[in-house]
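Engineer: Pasting the sequence and the predicted coordinates here, then a few questions.
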Amino acid sequence: LRVVVQGPMPKGTKEFDDSLVHIIFRNPSQESYAAPTRPTAVFGVHVMHKGLQLGGAVGASSSVLLALTGPRGFRFLKRLVQLTALTSTAGMAIGVGGAVRKISSLPESERQDGIEDRAFRIFHNRKQNLVDRYSCVGIGMGMIGGTLVCGLSLSGLIGGAGLGAAAAVGVVIAKTKTASQK
């Protein structure tokens, strides 16, 4: 994938962004036309983020049903984290499966170009990057919370990450709506 820019590239820009941190925490500069050096990793992390956010949202929304029929107090929180671990894992599996299916449906000669094109668009989508940056913070905070509730376990880490990602997306939506109402 080569980016065609009319005229000379703006001063200080480079053709490829080689920062490893930008695979997960994308924040290219405003004037950047750089393509990610690891497009498959950028695309894969994006798909995993979306799956975790979806699974976390499904798990969090099931809390209403869980609250009506399940345990109360601390046991409720533990069950919610465990349930969200299942829905988040399912969300990531569905996302990765769908991405693999979509990429596999392309002719072999177009697969890498398709991944590079999608990774470039993800890499430079400001709103998507905002959601994913908030989501990274939410995942970290959720993992800490999940570990406090369930102990250091896989379900505590994944469930907490899913709930944190869903909460972060909710914060971005609320923040965006409030900013647009002003």
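Structural biologist: Nice, thanks for sending it over. All of these numbers come straight from a predicted model, not from anything done at the bench. Residues are numbered from 1 along each chain as shown.
Engineer: Buried residues, the longest helix belonging to the chain. List them.
Structural biologist: Across the chain, the longest stretch assigned as helix under DSSP state H is helix 74-105. Going by neighbour count (16 or more other CB atoms under 10 Å), the buried part of helix 74-105 is 77-89, 91-92, 95, 99, 103. (Glycine included, C-beta is placed from N, CA and C.)
Engineer: all strands for this protein, in order.
Structural biologist: Remark: strands assigned in the chain by DSSP state E are 16-17, 35-36.
Engineer: Kindly report which one of the ones you listed carries the lowest mean pLDDT.
Structural biologist: Per-stretch mean pLDDT for the strands of the chain is lowest at strand 16-17 (a mean of 50).
Engineer: Report the separation between the most centrally placed residue in the chain and Ala161.
Structural biologist: Taking CA atoms, centre = their mean, the centroid of the chain lies closest to His49, which sits 2.1 Å from it. As judged by CB to CB, to the nearest Å, His49 and Ala161 stand 10 Å apart.
Engineer: how about the helices in the chain?
Structural biologist: Ranges of helices within the chain are 21-24, 39-61, 63-69, 74-105, 108-123, 126-150, 154-181, based on DSSP H.
Engineer: Buried deepest among these, which one?
Structural biologist: helix 39-61 (a mean of 22; mean count of other CB atoms under 10 Å).
Engineer: chain center to that helix, what's the gap?
Structural biologist: 4 Å (CA atoms, centre = their mean, to the nearest Å).
Engineer: Let's test this: mean pLDDT of that helix, rounded?
Structural biologist: The average of the pLDDT scores along helix 39-61 is 86.
Engineer: That helix packs against which elements?
Structural biologist: helix 21-24, helix 74-105, helix 108-123, helix 126-150, helix 154-181 (3 or more CB pairs under 8 Å, 6 or more residues apart in numbering; DSSP states H and E).
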